[in-house]
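Novice: sequence below, structure please.
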Amino acid sequence: LTGFAIHVLIGCSLFFVTALKFVPMAVLLGLFLTMGITSLTSIQLWERIQLLVMEPKLYPPTSYVRQVPMHKLHIFTAIQLVLLVGLFVIKRSPAGLLFPL
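Specialist: The predicted structure follows:
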């Protein structure tokens, strides 16, 4: 519910573009950076990246940690990281115009 409210308020900000011109760009960038960092805790990929460097006895008791073997979980995370890096490489290349990222 909180995430939905945040997105609604971001959408409503389109109606206040004239007022947002008076807010310094550093303030807006800091706001979006803070929102991104605080939302990292709810992203499963980030949790699995943390598992790569965490001792097995400290793993959280989440369902995917208990039900999936660790080597398969780490392989899946590595595949996702490689694909994420691939997306950024494509985005920065001239072929990036073909992808609406």
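
Novice: secondary structure element holding the residue lying farthest from the centre of the chain?
Specialist: Relative to the mean C-alpha coordinate of the chain, counting by Cα atoms, centre = their mean, the farthest residue is Thr18 (29.1 Å). Thr18 belongs to helix 17-20 when assigned by DSSP states H and E.

Novice: identify all contacting residues around that helix.
Specialist: Residues external to helix 17-20 that are found in contact with it (Cβ atoms under 8 Å, 6 or more residues apart in numbering): Ser13, Leu28. (C-beta placed from N, C-alpha, C; glycine too.)

Novice: could you give me the average pLDDT of it?
Specialist: When pLDDT is averaged over helix 17-20, the result is 82.

Novice: now do the buried residues in it.
Specialist: Across helix 17-20, burial judged by 16 or more other Cβ atoms under 10 Å covers no residue at all.

Novice: same question, stretch 50-57
Specialist: Result for stretch 50-57 [16+ other Cβ under 10 Å]: buried residues Leu51.

Novice: name the SS class of Met54, please.
Specialist: Following DSSP: H, G, I helix; E, B strand; the rest coil, the label given to Met54 is coil.
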